[in-house]
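Undergrad: can't give you the sequence, but here's the structure:
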């Protein structure tokens with residue numbers, strides 16, 4: 001019988017050169033070189049007062065390496081990051097085997113504030129130096145992500161007043177019944193349960209009254225309309241998405257069309273896209289050129305926005321709400337108006353339909369089994385035959401060299417959001433308050449930009 005060497009997958013001690021674990025061309029290698037040799041992190045020094053006395057602090061560069069690499073792997077929890085720093089060799093290499101505690105990591109991320117904005121700007125300057133920013137066209141869009149807030153605690157002040165009154169009335173009614181039952185024999189367990197219930201109702205009502213006292217005014221929109229507040233995170237917003245209603249923030253990104261570098265990233269506690277356009281454009285003025293063109297979808301269209309952009313002398317293409325009525329490619333959209341809204345029934349998956357090109361727009365040769373797209377580019381066959389409901393089909397896909405520069409696509413922002421949300425798993429915020437969430441959104445976007453640097457040969 002053949003004999004084989006024993007393979008120990010759980011060795012206790014290994015002679016490992018940590019620096020050699022960061023292979024050139026990888027995200028972690030680019031990240032390590034960036035933070036050790038390119039970025040000036042002296043502004044982090046103001047956080048500490050341990051020049052003469054006190055314990056030594058973890059270097060901000062090391063914490064940034066660990067956090068950004070964890071985010072690139074879809075690890076957002078500070079406890080999970082701490083565990084990875086103890087068990088995963090790449091994390092051990094980035095942290096120098098220092099094993100920061102999860103409370104240190106959580107505090108670092110939640111207090112980044114303006115510090116991460118400076119890091120974001122510095123990385124953007126390096127992307128520009130490496131020739132990754134074209135300045136010909138910028139696309140602006142947003143993605144709605146849930147945050148660490150309960151949507152069930154949303155409402156106006158009037159809603160909370162009614163809820164507090166109902167809780168107080170329920171507690172008083174239970175207390176009255178409890179006192180009336182004191183003269184009758186009652187099981188001890190039932191008495192304890194009733195007392196616990198009364199205590200909980202009273203406590204919830206008191207907490208709601210306290211919140212109302214500390215928030216004397218309703219949240220208002222730009223036009224003075226009342227917006228729902230949230231007792232968990234009052235700067236977040238309840239927003240409808242394709243997957244239901246969430247309580248969270250809109251992460252807005254401005255993306256350069258050449259290599260999909262994110263040039264501006266902001267998080268806002270509102271689902272109204274119209275009021276998010278100008279703050280992003282204003283922040284982009286330093287990177288835009290005279291010939292730069294901005295694009296945005298219909299959600300950002302308003303007369304006020306167009307007038308302001310004209311005053312700022314910014315060239316922009318923003319779709320309006322009637323664009324599809326004028327575009328012949330959407331001539332068949334009326335047939336979809338009878339379908340229920342996306343939030344109507346979550347148990348059923350809505351059928352996907354092509355919004356620009358239909359199957360008849362492609363040229364398919366069944367004999368040669370080739371396919372040509374509407375722009376005349378040959379597509380390559382992907383995978384084997386596909387059988388759906390008894391029909392045999394084939395799947396074709398275009399090459400990057402043809403699809404990326406294609407004028408029929410304009411898919412500039414959506415692939416970025418797809419990379420962050422699907423590939424990286426960065427699909428929710430873990431913090432509360434716009435300042436903290438804004439910093440975390442910039443961390444998410446830094447992952448995209450550093451990955452682009454790594455893919456284009458940075459630090460190799």
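TA: Cool, the structure landed. This is a predicted model, so every value here is computed, not measured. Numbering: from 1, shown residues only.

Undergrad: okay, CA-based contacts and neighbour counts for the rest of this
TA: Noted.

Undergrad: where exactly do the helices run in the stretch 301-450 of the chain?
TA: Along the stretch 301-450 of the chain, the segments classed as helices by DSSP state H, counting those that start in this stretch run 303-311, 323-326, 400-403, 414-418, 434-455.

Undergrad: cool, the stretch 1-150 of the chain as well?
TA: Taking DSSP H, counting those that start in this stretch as the criterion, the stretch 1-150 of the chain carries its helices at 27-33, 60-72, 78-87, 89-95, 102-110, 114-129.

Undergrad: and the closest residue to residue 172 other than its chain neighbours, which of the three is it?
TA: Excluding the flanking residues, the one nearest residue 172 by Cα to Cα, 6 or more residues apart in numbering is residue 198, at 8.0 Å. Secondary structure assignment for residue 198 (DSSP: H, G, I helix; E, B strand; the rest coil): helix.

Undergrad: residue 238 contacts residue 247, correct?
TA: Yes - using Cα atoms under 8 Å, residue 238 is in contact with residue 247, at 4.4 Å.

Undergrad: which residues are common contacts for the two?
TA: The overlap between the contact sets of residue 238 and residue 247 (Cα atoms under 8 Å, 6 or more residues apart in numbering) consists of residue 151.

Undergrad: please, where are all the strands along the stretch 151-300 of the chain?
TA: Remark: strands assigned in the stretch 151-300 of the chain by DSSP state E, counting those that start in this stretch are 154-155, 219-220, 226-227, 229-230, 237-241, 244-256, 262-268, 293-296.

Undergrad: ok, which of these comes nearest residue 104?
TA: Closest to residue 104 of the strands of the stretch 151-300 of the chain is strand 262-268 (Cα to Cα; 24.0 Å).

Undergrad: which residues touch residue 195?
TA: Taking Cα under 8 Å, 6+ apart as the definition, residue 195 has no contacts.

Undergrad: quick one: the closest residue to residue 453 other than its chain neighbours from residue 381, how far?
TA: In space, and not counting its chain neighbours, residue 453 is closest to residue 127: 6.8 Å by Cα to Cα, 6+ apart. With distances taken as Cα to Cα, to the nearest Å, residue 127 is found 35 Å from residue 381.

Undergrad: so which of the two has more stuff around it?
TA: Neighbour count, other Cα atoms under 10 Å: between residue 127 and residue 381, residue 127 has more, with 22 against 15.

Undergrad: my guess is the more buried one contacts residue 133. True?
TA: Yes - using Cα under 8 Å, residue 127 is in contact with residue 133, at 6.7 Å.

Undergrad: shared neighbours, those two?
TA: residue 261.

Undergrad: one step back: what's the neighbour count on the residue nearest to residue 172?
TA: 20.

Undergrad: that one reaches residue 175, doesn't it?
TA: Yes - using Cα under 8 Å, residue 198 is in contact with residue 175, at 6.8 Å.

Undergrad: mutual contacts of the two, please.
TA: Common neighbours of residue 198 and residue 175 (criterion: Cα under 8 Å, 6+ apart): none identified.

Undergrad: out of the helices of the stretch 1-150 of the chain, nearest to residue 308?
TA: Closest approach to residue 308 among the helices of the stretch 1-150 of the chain (Cα to Cα): helix 114-129, 25.4 Å.

Undergrad: quick one: mean pLDDT for that closest one?
TA: Averaged over helix 114-129, pLDDT sits at 96.

Undergrad: and for stretch 307-314?
TA: 93.

Undergrad: list the buried residues for it?
TA: Going by neighbour count (16 or more other Cα atoms under 10 Å), the buried part of stretch 307-314 is 309, 314.

Undergrad: what sits up against stretch 424-431?
TA: Contacts for stretch 424-431 (Cα under 8 Å, 6+ apart): 71-77, 110, 145-148, 248, 420-421, 437, 440-441, 444.

Undergrad: which secondary element of the chain has the worst mean pLDDT?
TA: Least confident helix or strand of the chain, by mean pLDDT, DSSP states H and E, is helix 400-403 with a mean of 64.

Undergrad: residues making contact with stretch 359-377?
TA: Contacts to stretch 359-377, defined as Cα under 8 Å, 6+ apart, come from residues 378, 379, 380, 381, 396, 398, 402.

Undergrad: ChimeraX command for the buried members of the contacts of stretch 424-431?
TA: Applied in ChimeraX, the following selects the buried portion of the contacts of stretch 424-431 according to 16+ other Cα under 10 Å:
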select :71,72,74,75,76,77,110,145,146,147,148,248,420,421,437,440,441,444
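
Undergrad: quick one on the thing from earlier: any chance of CSV for the helices of the stretch 1-150 of the chain, columns distance to residue 53?
TA: As requested, the helices of the stretch 1-150 of the chain are exported to CSV (distance: least, Cα to Cα, whole Å):
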stretch, distance to residue 53
helix 27-33, 30
helix 60-72, 19
helix 78-87, 27
helix 89-95, 24
helix 102-110, 19
helix 114-129, 24
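
Undergrad: of all the ones you listed, which lies closest to residue 294?
TA: Across the helices of the stretch 1-150 of the chain, closest to residue 294 is helix 114-129 (Cα to Cα), at 18.2 Å.

Undergrad: so the closest one versus helix 434-455, what angle?
TA: Going by axes from the mean of the first three to the mean of the last three Cα atoms, to 10 degrees, helix 114-129 is angled at 30 degrees with respect to helix 434-455.

Undergrad: now tell me what touches helix 114-129 from outside.
TA: Under Cα under 8 Å, 6+ apart, the answer for helix 114-129 is 39, 41, 43-44, 133, 261, 263, 439, 442-443, 446, 449-450, 453.

Undergrad: neighbour-wise, which of the residues you listed leads?
TA: Per-residue neighbour counts (other Cα under 10 Å) across the contacts of helix 114-129 peak at residue 261, which has 29 neighbours.

Undergrad: verify the stated contact: that one with residue 451.
TA: No - here residue 261 lies out of contact with residue 451, judged by Cα under 8 Å, at a distance of 9.8 Å.

Undergrad: now do the shared contacts for these two.
TA: Common neighbours of residue 261 and residue 451, using Cα under 8 Å, 6+ apart, do not exist here.

Undergrad: for residue 15, what are its contacts?
TA: Listed by Cα under 8 Å, 6+ apart, residue 15 has no contact partners.

Undergrad: one more: residue 25?
TA: By Cα under 8 Å, 6+ apart, the contact list for residue 25 reads 454, 455, 457, 458, 459, 460.
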